[in-house]
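**Student:** sequence first, predicted coordinates after that:
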Amino acid sequence: MKTILEVRDLSVQFRTEEGSFHAIEHVSFSVEEQKTLAIVGESGSGKSVTSLAIMQLIAENGKITDGEIFIEGQDILKLTRKEVQQSILGKKISMIFQEPMTALNPVIKIGDQITESILEHQQVSKKEARQIALDTLKQVGIPSPEERIKQYPHQLSGGMRQRVMIAMGLVTRPKIMIADEPTTALDVTIEAQILNLLEELKKKFKTSILFVTHDLNIVADIADDVLVMYCGEVIEKGPVADIFESPKHPYTKGLLATMPSLDQTKSVLPTIKGSVPNISKRPSGCHFHPRCEYATERCRKEKPKTYVEGAHHVQCFLYAPKEGTKHA
Amino acid sequence: MLIKKNSFYDYAYRRFRRNKLAVIGTFITLAFIVVALLAPILSPYEPSEFFFMEGQNLYNKYDTPSLQHLLGTDSLGRDVFSRLLYGARVTMMVALSAVSISTIIGTIIGLVTGYFGRFIDAFFMRIVDIVISFPVLFLLISISTIMDPSIWIVILAIGLVSWTSTARLVRGEVLRVKELDYIVAANACGSSSLKIIIKHILPNILAPIMVQVTIGTAQAILMEASLSFLGVGVQQPTPSWGNMLMDAQKLLVLRDMPWIWIPPGVVTLLLVLAIYFVGDGLRDAFDPKQ
């Protein structure tokens, strides 16, 4: 299996008026060819920062302080801004945004927005680019693309716009698409359609997907692997079946317990007590200890290492091997 | 139709049409433009033609309005009405050229500072501060004493001191727009900065720039009028509404010969007011909250 995207030890720091803080720390993961990796976490867990860091779209006060990002074996952090623009962004990797209502430029016609990326990265004529755009629009399920191509974003519904966004992301046949909560702004029936579409396109174009979400139902639906983030750290990762059937980290367990199910008889949904701490007030040791029912003195003082069991990684002392055994 | 159905500008056009003052302002402004363009056909005499008393070798100065001279003659015996019509040309030419200069400079500097920020922003904004605190009048008076005063110097001077408000406005708009998702999305497509600025940001901030252009035109007319009134603007014998008002500096004219200074004063007021109405109308029409 070929690795398309590999992130090693990625740390991103933000300067604020209260000082500098790490939004994400030592994040490592990889995405294989034609696989979907889902990053889950609450607001403020660093999942969006991770995806923006890969796209090199971090706000002005943020900086990648450490780590490497490999796309097909090439460390893109070693490239110049121009090289990244020319050969990576929009070509090998593209992004689908959360808000289809605001992620399309209101004054540019749909067709021109889609062809922009093609003309930027491929040596084709305007006419050929238009044809590619039409084909892609058809593939993402937009009826009568010849008409739509001449329209402005506000003339399309939310679901249609998200399809256009997907078409924009797909038009250059990237190796991997980053989808940052692409269905959060849509209603559930449209959400299902969009998720099916992504699945279908992934197979058709052999694209990998990095899916950022807080919705565990979606994760169960579409992901091959799952990465759970909390306070800017990866606390657990592994194949989707492992995570859902035998979650290890207390936080992951808590998250899964909060998922409502149809056969549930309880009237009150379980919750994880407390809330995500502010970036400037992250607890010592394991960031999750104030909310964790298994927390010990060690958790308050020391940061747990990552313990590996097969493909399942977890950052929690509960899974620390007995003294003397090897850990990763 | 010129405006696309259901586009942002289509809605704005409909809102604008409902605004009575703005529509009246538009018509008055258009009327002035037509008059300015047709000045050679409409005016009975050449603007710098001197008239003599009948049968005498004396200039026909300060003549009262009559059928021969609709608005009388001025202090040098020239037809006030003809000068008023030709003055419209000069005044508008000066104002529009100056606004073109200030809009181009202001928009470019605003786009660059707003988009790139940091050092470039700090540097250009200090230049803006310096230009704003310049005593414009003294600057112009010194320029016109050093150089041969010409209409081009007036245009250049007004343009070079009035770009600052455009620059600030554009900078603010860029700061707002560049954080929007579609600009981030354009970045994610690997578009270059120049392309993002020209293709994605500029079209989205055209509306406030258009408002600024109208308001700026009105201000340029006023500035030209005050400069010419003080004698450092448009020079005789070229007529402009400002230098026609110069005659009113004489107490005798101000007190006893209103036909010389009321017409240029009134047309200046009327045109500036009309343009302001258009500007306000545009601002309301472009306001997405409406």
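**Tutor:** Thanks, I have it. Given the structure is predicted, the values throughout are model-derived calculations rather than measurements.

**Student:** stretch B:63-73: which residues count as buried?
**Tutor:** For stretch B:63-73, the neighbour count (16 or more other Cβ atoms under 10 Å in any protein chain shown) marks B:63, B:69, B:70, B:71, B:72, B:73 as buried. C-beta here means a position set from N, CA and C on the backbone, and glycine is covered the same way.

**Student:** that should have said stretch B:97-114, apologies.
**Tutor:** Buried, per 16+ other Cβ under 10 Å, within stretch B:97-114: B:97-103, B:105-107, B:109-114.

**Student:** nearest to chain A, of the residues you listed?
**Tutor:** residue B:114 (12.4 Å; Cβ to the nearest Cβ).

**Student:** quick check: which element contains residue A:94?
**Tutor:** strand A:93-96 (DSSP states H and E).

**Student:** what does that strand contact?
**Tutor:** A:5, A:51, A:54-55, A:57, A:71, A:117, A:162, A:165-166, A:168-170, A:172, A:174-180, A:182, B:185, B:188-189 (Cβ atoms under 8 Å, 6 or more residues apart in numbering or on different chains).

**Student:** sitting in strands, which of those residues do you find?
**Tutor:** A:5, A:71, A:176, A:177, A:178, A:179, A:180 (DSSP state E).

**Student:** what's the neighbour count on the last one?
**Tutor:** It stands for residue A:180. Using other Cβ atoms under 10 Å in any protein chain shown, the number of residues around residue A:180 comes to 23.

**Student:** list the contacts of the closest residue to it other than its chain neighbours.
**Tutor:** Computed as Cβ to Cβ, 6 or more residues apart in numbering or on different chains, the closest residue to residue A:180 that is not its neighbour in sequence is residue A:212, at 4.6 Å. The contact partners of residue A:212, by Cβ under 8 Å, 6+ apart, come to A:38, A:39, A:47, A:48, A:50, A:51, A:178, A:179, A:180, A:181.

**Student:** nearest to residue A:91 among the buried residues of stretch B:63-73?
**Tutor:** Closest approach between the buried residues of stretch B:63-73 and residue A:91, by Cβ to Cβ: residue B:71, at 69.9 Å.

**Student:** domain ranges for chain A?
**Tutor:** Using automatic domain parsing, the domain parsing of chain A gives A:3-92+A:174-319, A:106-172.

**Student:** most packed of these?
**Tutor:** Across the domains of chain A, averaging neighbours per residue (mean count of other Cβ atoms under 10 Å in any protein chain shown) puts domain A:106-172 on top, at a mean of 19.

**Student:** that domain and chain B, are they touching?
**Tutor:** Yes - contact of domain A:106-172 with chain B (Cβ under 8 Å from any Cβ of the partner chain) involves A:106, A:107, A:108, A:116, A:117, A:120, A:121, A:152, A:154, A:155, A:165, A:168.

**Student:** I'd say the fourth one and residue B:191 touch.
**Tutor:** Yes - counting by Cβ atoms under 8 Å, a contact exists between residue A:116 and residue B:191, whose distance comes to 6.8 Å.

**Student:** mutual contacts of these two, please.
**Tutor:** What both residue A:116 and residue B:191 touch, as defined by Cβ under 8 Å, 6+ apart, is the set residue B:199.
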